[in-house]
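**Student:** quick check, what structure comes out for this input:
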Amino acid sequence: MKCKKILISIIVCSFAFLLINVNAFAVDVINTTNGGYVPRENDIGTHVSALGNSNNPYYIDNISKYANLSKFSLRDVIPENVVVRNQGSENSCWAFTALACLETNLSLKNKRAGKETKVYDFSEQYMVSSSFYNNYLNGLINNRGLNFKPYEGGNFETRAIGNITNGYGVVNEADYPYLNTEAPVDLNSLKNKKIAADVLDTITFSNPKNNDERTALIKKIKEHIVENGGVYTAIKAPDIGNFKFNPFNGALYHNNEEYPNHAVTIIGWDDNYSRENFVSKPERDGAWIVKNSYGTEMIQELNSLKKFVFNYNKENFNSEGIFSENQISDEQLINSLNDSYYEKFGKRPIKLLRGSDGKNIAQ
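**Tutor:** Residues are numbered from 1 along each chain as shown. Predicted coordinates for the structure are as follows:
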């Protein structure tokens, strides 16, 4: 099997698209829950390329020049390779984010070389399924697999890159389509696949310890995005009912320490993005532009929401004779959520829909 070796640099530093305040950094992520959260595509303004004419070839004579721009987004340069994909209900954000970094990296290399535009779409399922040691049909063992259990999530260094460097490489989505499951597969289904790319090198950065290190790191991240593409990072993911997230403009900022549980891809920045757009106000303006891997809608199953809403508004529900989340009707749930959003944002955005399985869902 002939393998095309490709050098890629991916930073580990610190949804559609979100804006995360530049003061927030996190490293690494291991998911421990399976919430099925799907964020909505958010309008974050008109996207006019700060590079002017971004047609091929894409030459970068002075990286710092572009890194000093107040706004930059890979969507202005390689939009065909900044596509929002959907990991569904699985804890596979680590795979989607790692491959998003690779796809943008290769796309920038092609643009810089003046090559014909190529759309990259690598298989997240292949990365997920090939990373197990003993999660296969008929009890087969994968001697090149890693010691991860189904549905426990993963991270960049040990699972994503560990899997690739174990010899599996990366294959195209068409050769191993996404199954939206981590159930056992036939180990033989992973064999004899055409390797589309391989990773030879990565770059990792640690969290800054002081303001000087933070300023230097922000500059390095910007330079890296311009030259090499997307940046893998980890955040504390918002969900419906989490009011540190503004669902109307996609702004997220945690003003206290939070354990990260979701991986996303930084694709740009906006230094002038107003701090007033965030629910929890950061010290200064500015935001990272981030690509998520949960499609373009925010949909959540109702039972998990009922438990959250009941605990959040227990006294109010008790006063209405409701003493368990199981007593909350779907309509009461939606009304309670919309009341909370109205109090915070002056809008009632949540709708009750019926899913393809006949069950009600919140959107």
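**Student:** only C-alpha atoms from now on, for both contacts and neighbour counts.
**Tutor:** Will do.
**Student:** quick one: the helices in this protein?
**Tutor:** For the chain, applying DSSP state H gives helices covering 63-67, 93-112, 124-129, 161-163, 211-228, 302-312, 314-319, 330-345.
**Student:** for the ones you listed, which has the smallest mean pLDDT value?
**Tutor:** The stretch with the lowest mean pLDDT among the helices of the chain is helix 63-67, at a mean of 69.
**Student:** excluding its backbone neighbours, what's nearest Asn147?
**Tutor:** Nearest in space to Asn147, with sequence neighbours left out and distances taken as C-alpha to C-alpha, 6 or more residues apart in numbering, is Tyr133 at 5.9 Å.
**Student:** run through the residues that contact that neighbour.
**Tutor:** Ile141, Asn142, Asn143, Arg144, Gly145, Leu146, Asn147, Phe148 (C-alpha atoms under 8 Å, 6 or more residues apart in numbering).
**Student:** gap between it and Asn166?
**Tutor:** When C-alpha to C-alpha, to the nearest Å is applied, the distance between Tyr133 and Asn166 equals 12 Å.
**Student:** swap in Arg144?
**Tutor:** Summarising the geometry, the distance separating Arg144 from Asn166, computed by C-alpha to C-alpha, is 6 Å.
**Student:** quick check: phi and psi at Lys118.
**Tutor:** Here is the backbone geometry of Lys118 (degrees, to the nearest 10): phi -130, psi 130.
**Student:** run a quick neighbour tally on the residue lying closest to it once chain neighbours are set aside.
**Tutor:** In this structure, Lys118 finds its nearest non-sequential neighbour in Ser107, 7.0 Å apart by C-alpha to C-alpha, 6+ apart. Using other C-alpha atoms under 10 Å as the criterion, Ser107 is surrounded by 26 other residues.
**Student:** contact partners for Ser107?
**Tutor:** Ile78, Asn81, Thr117, Lys118, Val119, Tyr120 are the contacts of Ser107 under C-alpha under 8 Å, 6+ apart.
**Student:** and those, which are buried?
**Tutor:** Ile78, Asn81, Val119, Tyr120 (16 or more other C-alpha atoms under 10 Å).
**Student:** want to throw those into JSON lines with distance to Ala263?
**Tutor:** Below are these laid out as JSON lines (distance: C-alpha to C-alpha, whole Å):
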{"residue": "Ile78", "distance to Ala263": "21"}
{"residue": "Asn81", "distance to Ala263": "18"}
{"residue": "Val119", "distance to Ala263": "22"}
{"residue": "Tyr120", "distance to Ala263": "20"}
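**Student:** nearest to Val290, out of the residues you listed: which one, please.
**Tutor:** When those are ranked by distance to Val290 (C-alpha to C-alpha), Asn81 comes first, at 14.0 Å.
**Student:** read off the pLDDT value for the closest one.
**Tutor:** As predicted, Asn81 sits at a pLDDT of 95.
**Student:** wait, what's in contact with it?
**Tutor:** Taking C-alpha under 8 Å, 6+ apart as the definition, contacts of Asn81 comprise Glu103, Thr104, Ser107, Val119, Tyr120.
**Student:** returning to that earlier point: most neighbours among the contacts of Tyr133, which one is it?
**Tutor:** Gly145 (20 neighbours).
**Student:** from Arg348, how far off is Asp339?
**Tutor:** Taking C-alpha to C-alpha as the criterion, Asp339 is separated from Arg348 by 7 Å.
**Student:** same question, Glu90
**Tutor:** Using C-alpha to C-alpha, Glu90 is found at 29 Å from Arg348.
**Student:** more crowded one of those two?
**Tutor:** Neighbour tally, Glu90 and Arg348, criterion other C-alpha under 10 Å: the higher count belongs to Glu90, 20 against 15.
**Student:** hang on, that one packs against Ala183?
**Tutor:** No - shown here, Glu90 and Ala183 do not form a contact pair, counting by C-alpha atoms under 8 Å, at 10.4 Å.
**Student:** and the residue lying farthest from the centre of the chain, how far from Lys306?
**Tutor:** Here the centre of the chain is the reference, and by C-alpha atoms, centre = their mean the most remote residue is Gly321, at 40.4 Å. With distances defined as C-alpha to C-alpha, the gap from Gly321 to Lys306 amounts to 15 Å.
**Student:** so where do the strands sit in the protein?
**Tutor:** Using DSSP state E, the strands of the chain run over residues 17-21, 71-73, 231-235, 245-246, 251-252, 262-270, 287-291, 300-301, 352-354, 360-362.
**Student:** just for the protein, where's the confidence low?
**Tutor:** Where the chain drops to pLDDT under 70, the residues are 1-64, 238-243, 296-304, 345-346, 351-363.
**Student:** nearest residue to the middle of it?
**Tutor:** Residue closest to the mean C-alpha point of the chain, counted by C-alpha atoms, centre = their mean, is Val264 at 2.7 Å.
**Student:** beta partners for it?
**Tutor:** When assigned by DSSP bridges, Val264 has beta-bridge partners Thr233.
**Student:** ditto for the one 4 residues further on
**Tutor:** The bridge-partner assignment for Gly268, based on DSSP bridges, gives Ser73, Ile289.
**Student:** correct me if wrong: it contacts Trp288.
**Tutor:** Yes - with contact taken as C-alpha under 8 Å, Gly268 and Trp288 are classed as touching, separated by 5.9 Å.
**Student:** what sits in contact with each of Tyr133 and Asn166?
**Tutor:** What both Tyr133 and Asn166 touch, as defined by C-alpha under 8 Å, 6+ apart, is the set Arg144, Gly145.
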